[in-house]
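1. When you get a sec, could you give me coordinates for this:
(chains A and B)
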Amino acid sequence: MAKSFDVRRQPGFSTIAMLCFVMLYLPIILLVAYSFNAGESISHWEGLSLRWYASAWQNDQIQAATIRSITIATTAALLATSAAVLAALATTRTRPWRGQTVAFAMINQPLMVPEIVTAVSLLIFFAMLKVATGYTGLWYLIVAHTAFCIPFAYMPIRARLQGMDLSLEQAGADLYGTPVKVFRYITLPQLWPGILAGGMLSFVISLDDVVITEFVKSAGQDTLPTYMLGQLRRNITPEINAISTALLALSILLVTAMFFFSRTRK
Amino acid sequence: MSPIRTRAALLAPAMVILLFAAAGPLVIVLIYSFLTPGDYGGVIWDFSTDAWFGVLAERDFFTEELSWADAHLMVFWRSIKLSLMTAFLSLIIGFPTAYFIATRPRGSRDVWMLLIMIPFWTNLLIRTFAIMELIRNEGTINTVLIAMGLVTQPVQMLYTEFSLLVGMTYVYLPLMILPIYASMERIDFSLVEAGYDLYATRWQVLRRVIFPLVKPGVVAGSILVFVPCLGAYVTPRVLGGGKQLMLGNLIELQFGQLRNWPLGAALSLTLLVIVMVALIFYVRAAGNEESAHG
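-> Below you'll find the predicted structure:
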């Protein structure tokens, strides 16, 4: 008799949960489906075709924006991850020290301040710099992206460092390994999954950024998301769906890889 | 090198980048909010508190009379109202979903959570765009409604407050589910069983046993949804189409068409202060969470 009574059941909860999953995925699935539409509409199905992928592929602006997006995301992810590894080494495995709170606040600051506020502040600051130096290149975007990627790179690396067994490093030091050698041959190999996760996360976050890029970019520096935002004002064709699908596929691939990566290592 | 020097050297690259491109520029925003707007954007270096007055009040051009800045108040009210509504709607959908996931067998919970997190880690603009395609006048929902004969004219959903509510709930829902799930996963179900043994109904168990246990998660989730909604820019721009401005769009306008950088700076800092207050509540809620489960 007790078997038929499930203490965990709440009426209607499973239904709402299922609806929630459908709601989360239905819009994305429709978006992807219409990227394969043969017609010009994004809501009337006229047959299967890859024409919009071909047209996006041949569009010069989209090509340039893609290359720019990938350049920025790769550079920013590399820089942010390197800075985050060093910062994580400095903030773990030490006794609490004065100024630690400030360091944490600084690292997490991009997560707390609304993006629009950061965007505006960078617009003002970089406008001054652009006038003062005359330089208007991509580095403004790369530095801005690096800054907001740092907390995302820092989190998994720090988590990994905290979970690490200290005795191996101590053994290395006992065997007269210099701190650099201990780091190179003992810490780094164990830290690698965290670094990879942090790097991939940074890459995805940088690739997806709209607001800060929109405010910081100089003329002709559109990334894929800001290009798409600009297109929304015009007549929308499934070409936008095709770009979206490609970006979605890349993000989902990286996030899923990261998930299984961190799971098997537990 | 001494340990302290090493630590400083290790921290330096991250701190320099963050100071240069995240924290430092905020100081410039503060300075700009006390300057006079230039005619073609930018500022004139004359001290003025007009921008801060301008956040809530406006001065009549001829009579110099002060009155409430109705347009700004409208935007503030809409931002706060829609953010609260979004948090509430996310809670109604997110609570049962988190409960559902937390009561799955241990091995499959991670996979369910991955399904929640995948959309969250994909491009916000794309997700907003997906909602837009759904609710446009020529969009999927209207096409289906007309085909079924339920309506003859498309229902105007895009560019209304409703579209903002739907869009923001869609993009920020995972932020609600995540903390609620985290506290639900730790519920000791023998407490629930004890409730039933004492002849509690399902509703009573939910209200008197489960809800108090996950309340910190609920508070945390509500704030995590409320905060990004308040500063939302992309979603109201795409789904509001310039008709339903939120704070983020009002700020952008000052730097674009309206060319009033000091006012834009003052509005940004106002938003920042509201967000910081909300985050202080969040930190407290997270602290309670720790002590509740000890």
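
2. Give me the nearest residue to B:L253, chain neighbours excluded.
-> Closest residue to B:L253 apart from its sequence neighbours, by Cβ to Cβ, 6 or more residues apart in numbering or on different chains: B:L245 at 7.5 Å. Every residue, glycine included, has its C-beta placed from N, CA and C.

3. ok, that neighbour - contacts?
-> If you count contacts by Cβ atoms under 8 Å, 6 or more residues apart in numbering or on different chains, B:L245 has them with B:V75, B:R78, B:P236, B:L253.

4. So the second one is in contact with B:K243, correct?
-> No - in terms of Cβ atoms under 8 Å, B:R78 does not count as a neighbour of B:K243; the distance is 11.0 Å.

5. Looking at the two, which one has more neighbours?
-> Between B:R78 and B:K243, B:R78 has the larger neighbour count (other Cβ atoms under 10 Å in any protein chain shown), namely 19 against 12.

6. Who are the contact partners of that one?
-> Taking Cβ under 8 Å, 6+ apart, one finds B:E161, B:Q244, B:L245, B:M246 in contact with B:R78.

7. try 7 Å this time
-> Going by Cβ atoms under 7 Å, 6 or more residues apart in numbering or on different chains, B:R78 touches B:E161, B:Q244, B:M246.

8. contacts for the helix or strand containing B:G54?
-> Assigned by DSSP states H and E, B:G54 falls within helix B:50-56. The contact list for helix B:50-56, computed with Cβ under 7 Å, 6+ apart, reads B:S33, B:W68, B:A69, B:H72, B:L73, B:P262, B:L263, B:A265, B:A266, B:L267, B:T270.

9. tell me which residues in that helix are buried?
-> By neighbour count with 16 or more other Cβ atoms under 10 Å in any protein chain shown, helix B:50-56 contains the buried residues B:D50, B:A51, B:W52, B:G54, B:V55.

10. check contacts around whichever residue of the stretch 151-294 of chain B sits closest to chain A.
-> Per Cβ to the nearest Cβ, B:G231 is where the stretch 151-294 of chain B lies closest to chain A, at 2.9 Å. In this structure, B:G231 makes contact with A:P114, A:E115, A:I116, A:V117, B:L247, B:G248, B:L271, B:V275, judged by Cβ under 7 Å, 6+ apart.

11. Switch these over to TSV; also include distance to A:L79, neighbour count and secondary structure.
-> Formatted as TSV, these follow (distance: Cβ to Cβ, whole Å; neighbours: other Cβ atoms under 10 Å in any protein chain shown; DSSP: H, G, I helix; E, B strand; the rest coil):
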residue	distance to A:L79	neighbour count	secondary structure
A:P114	23	24	coil
A:E115	19	22	helix
A:I116	24	28	helix
A:V117	23	25	helix
B:L247	31	28	helix
B:G248	27	29	helix
B:L271	28	23	helix
B:V275	27	20	helix
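
12. Include distance to B:E64 and pLDDT when you put those residues into TSV, please.
-> Formatted as TSV, the contacts of B:G231 follow (distance: Cβ to Cβ, whole Å; pLDDT from 0 to 100):
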residue	distance to B:E64	pLDDT
A:P114	34	94
A:E115	37	94
A:I116	32	95
A:V117	31	96
B:L247	28	94
B:G248	31	94
B:L271	28	95
B:V275	34	93
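
13. Show me which of those is closest to A:V255.
-> For the contacts of B:G231, the residue nearest A:V255 by Cβ to Cβ is A:E115; the value is 20.0 Å.

14. Contacts only, for the closest one.
-> Contact analysis of A:E115 by Cβ under 7 Å, 6+ apart lists A:V211, A:I212, B:G231, B:Y233.

15. among those residues, which are in strands?
-> Of these, none are assigned to strands by DSSP state E.

16. buried subset of the residues you listed?
-> Buried, going by 16+ other Cβ under 10 Å: A:V211, A:I212, B:G231, B:Y233, out of these.

17. Help me confirm that the first one comes into contact with B:V234.
-> Yes - taking contact to mean Cβ atoms under 7 Å, the distance of 6.4 Å between A:V211 and B:V234 places them in contact.

18. Number of residues surrounding B:G167?
-> Neighbourhood size, B:G167 [other Cβ under 10 Å]: 29.

19. got the contact list for B:F47?
-> Counting by Cβ under 7 Å, 6+ apart, B:F47 has contacts B:F34.

20. Start from the N-terminal end of the stretch 1-150 of chain B and give the strands.
-> B:36-37, B:43-44, B:57-59, B:66-68 (DSSP state E, counting those that start in this stretch).

21. So for the longest helix anywhere in chain A, mean pLDDT?
-> When chain A is parsed with DSSP state H, its longest helix is helix A:60-91. For helix A:60-91, the mean pLDDT works out to 95.
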